[in-house]
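Here is my input; please provide its structure:
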Amino acid sequence: MTAQNPTAPGGGAGGAPPVGPKPQGSLVRFKAALRRAKRKNAREPEIDFLNITAMLDLMTIILVFVLKSLSASQVGQSDDLKLPVSVMTSEPSEEGVVVTISKTQLLVGDGSTPVAELASRAQLAQTGLDARYKRSGPNDLFIVPLANVLSDYRKSDIQIRAVKGLDASTSEAIVVADASTPYRVLIERLFTPGASEFGKYHLMVVSGKKG
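I've put the predicted structure just below:
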């Protein structure tokens with residue numbers, strides 16, 4: 001009899017392991033570990049830059065508004081400036097640029113440099129400010145240096161009003177005038193802001209009793 005080589009169950013000759021699908025358990029565990037690693041290493045997106053231009057613009061506008069409010073509320077009297085007395089009892093407005101007309105000079109805002117020097121009361125009553133400040137001669141009502149300063153205030157006021165949601169088509173001015181200011185000078189003072197898009201005025205006075 002011829003002897004035959006035995007074969008392993010399910011295998012080929014020589015006891016070779018069976019060929020079949022790989023086990024699924026290790027692949028599932030590998031994918032789960034991969035997902036955990038991705039979640040562990042994930043991080044929130046970082047802000048690589050900070051645009052502060054808009055923030056600085058807003059802070060500048062707020063600062064200008066605060067300075068304007070302070071200048072409007074801290075008007076003092078002196079020998080060169082005596083406010084007229086009025087029977088009005090309402091609170092003064094804090095909206096607007098302050099234009100001061102003392103006995104000797106014309107000032108805008110809280111600046112210490114006068115826009116114009118005032119002449120004698122007799123001359124002011126006749127022709128107002130000196131002709132060198134006018135646009136076209138002594139009879140003109142338009143004061144050129146005052147208009148130039150108000151133009152800068154107007155640009156800032158437009159931005160402030162836009163932030164506050166107010167009408168930006170016109171600005172306001174607070175008139176602080178000495179009680180002895182000639183009517184001609186006061187008219188020039190009102191005409192020039194009116195031509196510079198300042199359409200509303202407030203006259204600063206001292207509250208007093210009637211009579």
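
Pull the number of nearby residues for Thr104.
12 (other CB atoms under 10 Å). No exception for glycine: its C-beta is placed from N, CA and C like everyone else's.

I'd say it and Glu117 touch.
Yes: proximity of Thr104 to Glu117 meets the contact threshold set by CB atoms under 8 Å, at 6.8 Å.

Stretch 155-164: which residues count as buried?
Buried residues in stretch 155-164, counted by 16 or more other CB atoms under 10 Å: Ser156, Asp157, Gln159, Ile160, Arg161.

Now tabulate these in a markdown table and tack on distance to Leu63.
A markdown table is the format used below for these (distance: CB to CB, whole Å):
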| residue | distance to Leu63 |
| --- | --- |
| Ser156 | 10 |
| Asp157 | 14 |
| Gln159 | 12 |
| Ile160 | 10 |
| Arg161 | 16 |
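
With respect to Asp57, which of the residues you listed is nearest?
Gln159 (8.0 Å; CB to CB).

Once you drop chain neighbours, what's closest to the closest one?
Spatially, and ignoring its direct neighbours in sequence, Gln159 is nearest to Ile61 (5.1 Å; CB to CB, 6 or more residues apart in numbering).

Show the pLDDT at the one you found.
Looking at Ile61, its pLDDT reads 74.

just the one 10 residues further on next, same as before
pLDDT, Ser71: 53.

now Gly208
59.

Quick check, Phe142 in contact with Lys134.
Yes: with contact defined as CB under 8 Å, Phe142 reaches Lys134; the gap is 6.6 Å.

Who has more neighbours out of those two?
Higher neighbour count among Phe142 and Lys134: Lys134, with 19 against 16, using other CB under 10 Å.
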